[in-house]
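In: coordinates for the following, if possible.
(2 chains)
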There are 2 protein chains.
Amino acid sequence: MRIENIELFYLSMPEILDEVDGSQDSLIVKVEGGGFTGWGECETSPLTSIANFVCPKSHGAANPVRDSIINQELNNLEDIKKIIRRVKSRSLMIAQTPHTFSGIEVAILDLLAKKNQCPIYELLGYKKSIPKLAYASVLFGNTPEKTLQIAKKMNQNNFKAVKFGWQNFGLNLISDKEHLVAAREGLDKDSMLMIDVGAIWGNNINEALKWNDILSKAKVTWLEEPFYSDAFFEYSELARQSSISLAGGESCHSVESAKNLIRYGGVKYIQIDAGIAGGIIAGKEICEFAEKMDVQYVNHTFTSHLQLSASLQAYAGSVKSTLAEYPMQLKPLAWDISKNHILKDDSGYITTPLEIGHGMEINEKALDQYKVDVEILINSKRIF
Amino acid sequence: MRIENIELFYLSMPEILDEVDGSQDSLIVKVEGGGFTGWGECETSPLTSIANFVCPKSHGAANPVRDSIINQELNNLEDIKKIIRRVKSRSLMIAQTPHTFSGIEVAILDLLAKKNQCPIYELLGYKKSIPKLAYASVLFGNTPEKTLQIAKKMNQNNFKAVKFGWQNFGLNLISDKEHLVAAREGLDKDSMLMIDVGAIWGNNINEALKWNDILSKAKVTWLEEPFYSDAFFEYSELARQSSISLAGGESCHSVESAKNLIRYGGVKYIQIDAGIAGGIIAGKEICEFAEKMDVQYVNHTFTSHLQLSASLQAYAGSVKSTLAEYPMQLKPLAWDISKNHILKDDSGYITTPLEIGHGMEINEKALDQYKVDVEILINSKRIF
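Out: The predicted structure follows:
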């Protein structure tokens, strides 16, 4: 079959807050071919990716993403790899491309899996979907008391692992210590606690080291994103000088950049978003490399369950990579995108859906309800 | 003063060819403040960067670039560094941001230099502008005969160094050898010859090694961009296994990514585009790091002389970095952007302009002549 149609849907909450919560808007991808429909989601600034999708060509290595995909053959995994190479070489010089292409790749895989009547992870060669221990992904409370409440709530919810993130953690040692004590107090003694600081220390190793003690005392499983995503040297120095395992990778835009973070940054956990890194096939390649290097692969997901399933597919059958991020503070938009959801069992595990494709059924009403209308005109001619 | 106004101008040739020639379109930036006007240029897909500039906010780390800059204080270099940090943290999750911000940073520096009545390189701390040996930057001909003609022409033009690039070089060993022999034949015996392959070998080291012999025989000064820009391991392996010095860096989107290419990729020449890497201040920081690591800093420029001057400013006063890329096959658009031009002297050298700012006078007629009209509407409201 051929890829006959590609559509993008920009969805948004009525109001976007300043918090670093990626579930406030979304760019959904629909692809059609051979009578089937595939769906995916880009983790991106929707308007920027829409422009990247339809922009007038600048030169041979700066083409609109759409042109490299529409009407291409799609009969097997090798066809998708051809499209991946084609997009990469023809849009090499537009930095936004991986954000834009990632959701399309997911949708194309969903399409092919639907034709083949199998889950995406089977297309990738996995024989089965192995449950992962879900860690609740939440933001710190505004006060240590609120953080304690959140921790207790996640604990009551049977989570055996919780990750707290952002909200200016990393700027004030004293209040940060209180938040850590509160987070630890709210959890069972043997629960895992992870901390995500969202590149707060830029490339300042000495600043990061000041947090080592309080993070050690809170027995955190990992410290996530201490630095800018490409500050590999700083990552490796912190890994060498501190006692805490590092995690990172959500900003990796390619297989190579993830390999670099593992190889040169010394992270122990590589966190890949199928909506950013180039898609699910890129994730699988990163997973294989990571495990060879004794690094655990983990999904990065702070958006819809469509994205959650997509990000899980890449390591669905891995026995070495045992953890999964499970977003717990989604905005209604992100929850509403799919009709079905990936639910945690009572022991705290989630499983990549066993259904055909990525297994998530799109709620087309939500595409209307949250729709943002975009019109782009070039010399008075509408191109989107 | 404050940054009171920022405008973007999308310019394009009437027809965009499929060749990898970045001079076919342009995104020009105008900033105004305190009665002065500064100009810059982004090396980017114009529509994608326009969207990145005005897009609705997605969350706290995905803001439109414009919002982090407009109305900010601008009285000294520290103010610009504040803006750089602000843009980086507030638009961290939009990969297009460095492309978009780079031209704005150049325009802001031009504005500040105009207020201070000095060249930009003086703002950066350089006492003088030191001439650089210009290498003519050209594309291979379609046939070896055409390549020979181009080489001869550049030689007659007093260039002591010529770089040939792209046009599928790297795919066919036999015809590539003929092109190399032709290029070498057309130049003086002691002229430098550089080859740019535009990431043709992806991340395939063995494929790249097959070209080692013919490149060695042609005595090339460097081999540029053998692999994807973040394939550091592959760069370092090729550097180790071959006898040719490597160059790269045009796709570096940050100070960190350039440091990585030097530290982990083993390049001997780091080529930075002020319109991609984050601007001129980023370039200066990369230059200082490079020279400490015994690596030469070189501008990357295949667009206008506004961009050429901007890219030269970052290492204008360096004595260790002695070469400069000089584009020789610009489309009329790129030539027409500035009223004045940076001219090569009879010994083959060019000098960063001694004039105030970047020294290039914008040809406002060209902004009309090549203008592409862009309209972007969100929910029927025009945002650009």
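In: so what's the spatially most central residue of chain A up against?
Out: Nearest residue to the geometric centre of chain A (CA atoms, centre = their mean): residue A:273, 2.5 Å. Residues near residue A:273 by CB atoms under 8 Å, 6 or more residues apart in numbering or on different chains: A:43, A:102, A:250, A:299, A:300, A:301, A:307, A:311. To be clear about C-beta, it is placed using only N, CA and C from the backbone, and glycine gets the same treatment.
In: one more pass at 10 Å, please.
Out: By CB atoms under 10 Å, 6 or more residues apart in numbering or on different chains, the residues touching residue A:273 are A:22, A:42-43, A:99, A:102, A:249-253, A:283, A:299-303, A:307, A:310-311, A:325.
In: same question for residue A:43.
Out: A:22, A:26-27, A:49, A:99, A:102-103, A:250, A:273-277, A:300-304, A:307, A:310-311, B:58, B:62, B:93.
In: can you do 8 Å?
Out: Per CB under 8 Å, 6+ apart, neighbours of residue A:43: A:22, A:99, A:102, A:103, A:273, A:275, A:276, A:303, A:307.
In: could the residues you listed go into JSON lines alongside pLDDT, distance to residue A:165 and secondary structure?
Out: Converted to JSON lines, the contacts of residue A:43 look like this (pLDDT from 0 to 100; distance: CB to CB, whole Å; DSSP: H, G, I helix; E, B strand; the rest coil):
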{"residue": "A:22", "pLDDT": "89", "distance to residue A:165": "11", "secondary structure": "helix"}
{"residue": "A:99", "pLDDT": "97", "distance to residue A:165": "20", "secondary structure": "helix"}
{"residue": "A:102", "pLDDT": "98", "distance to residue A:165": "21", "secondary structure": "helix"}
{"residue": "A:103", "pLDDT": "98", "distance to residue A:165": "23", "secondary structure": "helix"}
{"residue": "A:273", "pLDDT": "96", "distance to residue A:165": "14", "secondary structure": "coil"}
{"residue": "A:275", "pLDDT": "96", "distance to residue A:165": "18", "secondary structure": "coil"}
{"residue": "A:276", "pLDDT": "96", "distance to residue A:165": "16", "secondary structure": "coil"}
{"residue": "A:303", "pLDDT": "92", "distance to residue A:165": "14", "secondary structure": "coil"}
{"residue": "A:307", "pLDDT": "97", "distance to residue A:165": "17", "secondary structure": "helix"}
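In: just the buried residues out of these, in PyMOL syntax.
Out: The buried subset of those, as determined by 16 or more other CB atoms under 10 Å in any protein chain shown, is captured in PyMOL by this line:
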select buried, chain A and resi 22+99+102+103+273+275+276+303+307
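In: now, among the contacts of residue A:43, which is nearest to residue A:379?
Out: Proximity of the contacts of residue A:43 to residue A:379, judged by CB to CB, is greatest for residue A:99, which lies at 26.4 Å.
In: what pLDDT is listed against the residue nearest to the closest one when sequence neighbours are not counted?
Out: Closest residue in space to residue A:99, ignoring its immediate chain neighbours: residue A:44 at 3.8 Å, by CB to CB, 6 or more residues apart in numbering or on different chains. Residue A:44 is assigned a pLDDT of 97 by the prediction.
In: tell me the contacts of residue A:44?
Out: Taking CB under 8 Å, 6+ apart as the criterion, residue A:44 is in contact with A:27, A:96, A:99, A:100, A:102, A:103, A:275, A:276, B:58, B:94.
In: near chain B, which residues of the stretch 201-350 of chain A?
Out: A:202-203, A:228, A:230-233, A:251, A:253-254, A:256-257, A:259-260, A:263-264 (CB under 8 Å from any CB of the partner chain).
In: good, wrapping up.
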